[in-house]
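Q: everything below, folded, please.
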Amino acid sequence: MSSNINNDGSDLFKYEHLRRTKGVTLIELIIYISILLIFISVFWVSYKNLSKIYEDNYKDDLKKEAHSLITFSTYSCKNMKHDGKVIFNTDQVVFKIGDTVKKQINLRKGYAISFNTGTVDNLLLINNNGKIYTSGTITIKCPTGGNIAMSISVDNLYVKVK
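A: Residues are numbered from 1 along each chain as shown. Just a heads-up that it's a prediction; the model follows:
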């Protein structure tokens, strides 16, 4: 039996042998990794932008909630004919009439809120007519930087967001 097969190993470099091998070549591996890195970078940029939008929305909601709490507290004191107070802790804002809590805002981790006045800090007093006794500035410190300031004036419901 005679065969035309050459035993010198030259058949290893023929195209048919390369097609039958299993695995990937180095250039295929580099292409796969490059495509994977492109997808990861696109999704990472999208995630960073999405998280920034999410934080900006939370800051806006927090401003609206603080304004809403002050509005609610003045109207509640006026309707119930009782003096009230809004207490600003570092991580929450509490509206009380007497010893009962009427409304409360809890802040996310990393955010801090304070109320700065000339006399009593972190306490906003409201009389039984719904008028604000203490004027000052509500400051919300954000973990990503950029503070939010809201000014409160006396004897009316004027709240200015800076």
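Q: alpha carbons only for contacts and neighbour counts from here, please
A: Noted.
Q: what kind of secondary structure is the residue nearest to the spatial centre of the chain in?
A: In the chain, the residue lying closest to the centroid (Cα atoms, centre = their mean) is Glu55, at 3.0 Å. Three-state assignment for Glu55 (DSSP: H, G, I helix; E, B strand; the rest coil): helix.
Q: pLDDT score assigned to it?
A: If you check Glu55, the pLDDT there is 87.
Q: same thing with Thr139?
A: Value listed for Thr139 in the pLDDT field: 89.
Q: in terms of secondary structure, what does whichever strand or helix holds it contact?
A: Per DSSP states H and E, Thr139 falls inside strand 136-141. Here strand 136-141 touches strand 112-116, strand 148-152, going by 3 or more Cα pairs under 8 Å, 6 or more residues apart in numbering; DSSP states H and E.
Q: partner strands of the first one, with direction?
A: Paired strands of strand 112-116, with direction, are strand 136-141 (antiparallel) (DSSP bridges).
Q: how about the contacts made by Gly118?
A: With Cα atoms under 8 Å, 6 or more residues apart in numbering as the criterion, the residues that contact Gly118 are Gly136.
Q: could you measure from it over to Val93?
A: 19 Å (Cα to Cα, to the nearest Å).
Q: how much space separates the residue nearest to the centre of the chain from Asn89?
A: The value you get for Glu55 to Asn89, if Cα to Cα is used, is 21 Å.
Q: what's the answer for Ile33, then?
A: Counting by Cα to Cα, the gap from Ile33 to Asn89 is 50 Å.
Q: before we move on, what about Leu26?
A: From Leu26 to Asn89 the distance is 60 Å (Cα to Cα).
Q: which of the two has more neighbours?
A: Asn89 (16 against 9; other Cα atoms under 10 Å).
Q: Asn127 - nearest residue in space that isn't next to it in sequence?
A: Nearest residue to Asn127, sequence neighbours excluded (Cα to Cα, 6 or more residues apart in numbering): Asp83, at 4.5 Å.
Q: quick one: contacts for the one you found?
A: Applying Cα under 8 Å, 6+ apart, the residues near Asp83 are 77, 97-98, 125-128.
Q: mind listing what's buried along stretch 55-72?
A: For stretch 55-72, a neighbour-count test (16 or more other Cα atoms under 10 Å) marks 59, 62-63, 66-67, 69-70, 72 as buried.
Q: got the CA coordinates for that stretch in PDB?
A: In PDB, the C-alpha atoms belonging to stretch 55-72 read as follows (Å, rounded to 0.1, in the frame of the first residue of the first chain):
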ATOM      1  CA  GLU A  55     -28.400  62.900  42.000                       C
ATOM      2  CA  ASP A  56     -29.500  66.200  40.400                       C
ATOM      3  CA  ASN A  57     -33.200  65.000  40.500                       C
ATOM      4  CA  TYR A  58     -32.800  64.100  44.200                       C
ATOM      5  CA  LYS A  59     -31.400  67.600  45.000                       C
ATOM      6  CA  ASP A  60     -34.400  69.200  43.200                       C
ATOM      7  CA  ASP A  61     -36.800  66.900  45.100                       C
ATOM      8  CA  LEU A  62     -35.100  67.700  48.400                       C
ATOM      9  CA  LYS A  63     -35.500  71.500  47.800                       C
ATOM     10  CA  LYS A  64     -39.200  71.000  47.000                       C
ATOM     11  CA  GLU A  65     -39.700  68.800  50.000                       C
ATOM     12  CA  ALA A  66     -38.100  71.300  52.300                       C
ATOM     13  CA  HIS A  67     -40.200  74.100  50.900                       C
ATOM     14  CA  SER A  68     -43.300  71.900  51.100                       C
ATOM     15  CA  LEU A  69     -42.600  71.100  54.800                       C
ATOM     16  CA  ILE A  70     -42.300  74.800  55.700                       C
ATOM     17  CA  THR A  71     -45.500  75.600  53.800                       C
ATOM     18  CA  PHE A  72     -47.300  72.700  55.400                       C
END
